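S.K.: No letters, just coordinates:
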């Protein structure tokens, strides 16, 4: 029985024993994060020497981790630059049967403007892959019909005839057991496309590549050729997801400095992860086999982080025989921009919290490991450590680095303040963190290389503001990294489950 594949939260489980186990797993991420933070405060008071030794080891560990990440980041960037230069259409045309491949592209829309949606569709028709091999669905929400119906009508009029098939779907509001959001909307439209187009035309599911995009996603010219090539050449195409590199650059020059920096930090994280395919999980815009999507029962409609959850659904459905393959090829999306700096900062926090709510994958993964005995134990341990450590570090690392350098000095008392360790601790941490700034300088340099062309009416001084803005990144990570992650984990821990928050897509006129 694989009913556990559809679990969204502990309350979804009828069997009381399983529900208790799942609830314990939901508590775990927040318990680990809060437990660690509370413990270091207590130990700074009563065992300042222990904390001092720990923080020295911790910052050295982060120095090596920063170096490790930086090497992978540059390796991923170089491969991405190389992939952009390749003629993927010519490569895929050399493979027998490439003409049989069809692409199903679903673009969920909420309240996005016509300009945002049109830019995405324009990028689709401008790819070098034959448009007549594409089924495109504009997935709209019934509850916002009065606001977006005109946009949908204009998109259909301008682009509907450019593809093999095009359809607009309207996802009903208030369906039982659903969390209103991208995943539930996408699942509704995917089922409609299956029933009304794919099954009627009897297109084999294994010949269809399904792409899940956001409303603001713009594909690069070779994207569909690139993903088709990888689909046709990978060993098990129906057991593989394909993950491009997300660049948040569509409206980059309209974004305030803090939004630019967080956009690039997200890009860098996902670029680095391309170099660790054994740890790679799907995020935001991605592609996969439609056959796998159907066999797993489509995306869950009762979770917030559906883009990563679909990977874990397939992972357990196929007993661990599922992977995410790095494409090293970019797609672009919007940076977080709103009508005012205050609202932009608020939206950054909300977006980070929604992403951090991916900690809900931890109980799903742990519970799935208990239920599925066919997955190798070594793989369970490796992936389990990765997902738990990742969310734990997200919530605690920047706070601990900031606090622990001075907390033992403040709370440790007079006796500790007169020791050599107390005198040396700030100097040691300062020197280690100074060396680790090399990774930050590397990020600044790479972010300049990825910046889109500067509009003529934007002064060159903005480059300088952007560069110096990176100096505040460590402090930003406390308020817009650790705190929203702690917020998300606390909600999961206390059972105050989150709903889906749609990131505002704002473009300056």
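M.R.: Arrived safely, thanks for sending. Everything numeric here is computed off the predicted structure, so don't read it as measured data.
S.K.: right, and the helix or strand after the helix or strand where residue 65 lies?
M.R.: Assessed by DSSP states H and E, residue 65 sits inside helix 48-85. Next in sequence after helix 48-85, counting helices and strands by DSSP H and E, comes helix 88-93.
S.K.: Parallel or antiparallel, which strands does the helix or strand following that following helix pair with?
M.R.: Next helix or strand after helix 88-93 toward the C-terminus (DSSP H and E): strand 102-108. Here strand 102-108 is paired, per DSSP bridges, with strand 134-141 (parallel), strand 208-212 (parallel).
S.K.: who's in contact with residue 6?
M.R.: By Cβ atoms under 8 Å, 6 or more residues apart in numbering, the contact set of residue 6 is 12, 297, 300, 302. Any C-beta I mention is one placed from the backbone N, CA and C, and that applies to glycine too.
S.K.: Would you map the strands across the stretch 301-450 of the chain?
M.R.: Here the stretch 301-450 of the chain has its strands, by DSSP state E, counting those that start in this stretch, at 323-332.
S.K.: measure the nearest residue to residue 142 once chain neighbours are set aside to residue 108 for me?
M.R.: Setting aside the residues directly before and after it, residue 142 is nearest to residue 170 in space (Cβ to Cβ, 6 or more residues apart in numbering), at 4.7 Å. Plainly put, residue 170 is 12 Å away from residue 108 if you go by Cβ to Cβ, to the nearest Å.
S.K.: Comparing these two, which shows the higher neighbour count?
M.R.: Ranked by neighbour count (other Cβ atoms under 10 Å), residue 170 and residue 108 place residue 108 first, with 26 against 20.
S.K.: Quick check: that one vs residue 138, distance?
M.R.: 9 Å.
S.K.: Give me the pLDDT value at residue 295.
M.R.: Reading off the confidence values, residue 295 has pLDDT 97.
S.K.: contacting residues for it?
M.R.: Residue 295 makes contact with residue 317, according to Cβ under 8 Å, 6+ apart.
S.K.: Residue 273 too?
M.R.: 72, 76, 279, 280, 326.
S.K.: just these now: which is nearest residue 422?
M.R.: Using Cβ to Cβ, residue 72 comes nearest to residue 422 of those, at 36.6 Å.
S.K.: Pretty sure the closest one sits against residue 270.
M.R.: No: using Cβ atoms under 8 Å, residue 72 is not in contact with residue 270, being 11.2 Å away.
S.K.: which residues make contact with stretch 417-431 from outside it?
M.R.: 48, 49, 52, 55, 56, 59, 405, 406, 408, 409, 412, 416.
S.K.: who has more neighbours, residue 72 and residue 270?
M.R.: Looking at residue 72 and residue 270 with other Cβ under 10 Å, you find the greater number of neighbours at residue 270, namely 20 against 17.
S.K.: and that one, what element?
M.R.: Here residue 270 is assigned to helix 257-273, by DSSP H and E.
S.K.: Where does pLDDT dip in the stretch 351-500 of the chain?
M.R.: For the stretch 351-500 of the chain, applying pLDDT under 70 flags the ranges 423.
S.K.: how near is residue 239 to residue 101?
M.R.: In terms of Cβ to Cβ, residue 239 sits 17 Å off from residue 101.
S.K.: hmm, back to that, now neighbour count, distance to residue 222 and secondary structure too, for the contacts of residue 6, in TSV please.
M.R.: Putting these into TSV (neighbours: other Cβ atoms under 10 Å; distance: Cβ to Cβ, whole Å; DSSP: H, G, I helix; E, B strand; the rest coil) gives the following:
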residue	neighbour count	distance to residue 222	secondary structure
12	14	41	helix
297	13	32	coil
300	25	31	coil
302	18	36	coil
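S.K.: Closest one to residue 358 out of the residues you listed, please.
M.R.: Taking those together and measuring to residue 358 by Cβ to Cβ, the closest member is residue 300, at 13.1 Å.
S.K.: contacting residues for the closest one?
M.R.: Contacts of residue 300 (Cβ under 8 Å, 6+ apart): 6, 8, 183, 187, 306, 309, 310, 313.
S.K.: Only the buried subset of those, as a ChimeraX command please.
M.R.: Paste this into ChimeraX to select the buried members of the contacts of residue 300, with burial taken from 16 or more other Cβ atoms under 10 Å:
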select :8,183,187,306,309,310,313
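S.K.: burial count for residue 430?
M.R.: Residues near residue 430, counting by other Cβ under 10 Å, number 12.
S.K.: If you could redo that for residue 414, that was the one I meant.
M.R.: Neighbours of residue 414 (other Cβ under 10 Å): 6.
S.K.: show me what contacts the closest residue to residue 354 other than its chain neighbours?
M.R.: Residue nearest to residue 354 in three dimensions, not counting chain neighbours: residue 501, with 5.2 Å by Cβ to Cβ, 6+ apart. Neighbour list for residue 501: 350, 351, 353, 354 [criterion: Cβ under 8 Å, 6+ apart].
S.K.: Where does residue 501 sit: helix, strand or coil?
M.R.: coil (DSSP: H, G, I helix; E, B strand; the rest coil).
S.K.: and the gap between it and residue 481?
M.R.: 17 Å.
S.K.: residues contacting residue 442?
M.R.: 70, 73, 74.
S.K.: Which one (most neighbours) among those?
M.R.: Result: residue 73 is most packed of the contacts of residue 442 (other Cβ under 10 Å), 22 neighbours.
S.K.: if we can go back for a sec, want to try TSV for the strands paired with strand 102-108, with mean neighbour count as columns?
M.R.: Shown next, in TSV, are those (neighbours: other Cβ atoms under 10 Å):
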stretch	mean neighbour count
strand 134-141	24
strand 208-212	25
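S.K.: Columns mean pLDDT and distance to residue 383 on top of those, output as JSON lines?
M.R.: Below are the strands paired with strand 102-108 laid out as JSON lines (pLDDT from 0 to 100; distance: least, Cβ to Cβ, whole Å):
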{"stretch": "strand 134-141", "mean pLDDT": "98", "distance to residue 383": "31"}
{"stretch": "strand 208-212", "mean pLDDT": "98", "distance to residue 383": "22"}
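S.K.: Reformat these as TSV; add distance to residue 439.
M.R.: As requested, the strands paired with strand 102-108 are exported to TSV (distance: least, Cβ to Cβ, whole Å):
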stretch	distance to residue 439
strand 134-141	40
strand 208-212	32
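S.K.: Nearest to residue 37, out of those?
M.R.: Residue 37 sits nearest to strand 208-212 of all the strands paired with strand 102-108, at 35.4 Å, using Cβ to Cβ.
S.K.: Provide the contact partners of that closest one at residue level.
M.R.: Under Cβ under 8 Å, 6+ apart, the answer for strand 208-212 is 101-106, 135, 186, 190, 198, 224, 227-228, 231, 242, 285-291, 293, 299, 307, 310.
S.K.: Restricted to helices, list those residues.
M.R.: Counted as lying in helices by DSSP state H, out of the contacts of strand 208-212, are 186, 190, 224, 227, 228, 231, 290, 291, 293, 307, 310.
S.K.: Spatially central residue in this protein, please.
M.R.: Central residue of the chain (Cα atoms, centre = their mean): residue 283, 3.8 Å from the mean position.
S.K.: which residues does the residue lying closest to that residue once chain neighbours are set aside contact?
M.R.: Across the structure, with Cβ to Cβ, 6+ apart as the measure, the residue nearest residue 283 apart from its sequence neighbours is residue 307 (5.7 Å). Shown in contact with residue 307 (Cβ under 8 Å, 6+ apart): 182, 183, 212, 282, 283, 284, 286.
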